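S.K.: Predicted model follows, preceded by the sequence.
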Amino acid sequence: EVQLVESGGGLVQAGGSLRLSCAASGLTFDDYAIGWFRQAPGKEREGVSCISTSEGSTYYSDSVEGRFTISSDNAKNTVYLQMNSLKPEDTAVYYCAAAHWLSHVVHILGCYGMDYWGKGTLVTVSA
């Protein structure tokens, strides 16, 4: 059974930083695209950033490019999202997701068509 467990969410002031972690199990970690989506109240879910665990290629949405950094520690089966210069509009539930088929094209297609999902972690950025 594939499991994705997020951690690291919380409350932070605008301009601050947080690091989210996604611990994966039950899959061949080094051949997946794994990434982060977010959903704010009343808004559609947005693909924020994804990484190929086999190639290291990445995708960032325009809204976080230059502020967020995604990384993968294949020895720990964990993907991280370092979030800097946080803004109130970054407030959302952040979900970790994974897709095997996307592993080699995530830098072209972005975060799309994920097969597995975590339960989410809440990030709240106060003004």
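M.R.: Right, received. Where do you want to start? Numbering: from 1, shown residues only.
S.K.: what secondary structure does residue 95 sit in?
M.R.: strand (DSSP: H, G, I helix; E, B strand; the rest coil).
S.K.: confidence score at it?
M.R.: With respect to pLDDT, residue 95 has a value of 98.
S.K.: Identify the residues contacting it.
M.R.: Applying Cβ atoms under 8 Å, 6 or more residues apart in numbering to residue 95 gives the contacts 6, 36-39, 45, 117-120. To be clear about C-beta, it is placed using only N, CA and C from the backbone, and glycine gets the same treatment.
S.K.: Now, of those residues, which are buried?
M.R.: 6, 36-38, 118, 120 (16 or more other Cβ atoms under 10 Å).
S.K.: out of those residues, who's nearest residue 66?
M.R.: Nearest to residue 66 out of those is residue 36 (Cβ to Cβ; 15.8 Å).
S.K.: can you tell me the helix or strand for that closest one?
M.R.: Per DSSP states H and E: residue 36 is located in strand 33-39.
S.K.: quick check: mean pLDDT across the very next helix or strand once past that strand?
M.R.: Scanning forward in sequence from strand 33-39 by DSSP H and E, the next helix or strand is strand 46-52. Strand 46-52 carries an average pLDDT of 97.
S.K.: Are there helices or strands packed against strand 46-52, and which ones?
M.R.: Counting contacts by 3 or more Cβ pairs under 8 Å, 6 or more residues apart in numbering; DSSP states H and E, strand 46-52 packs against strand 33-39, strand 58-60, strand 68-73, strand 78-83, helix 106-109.
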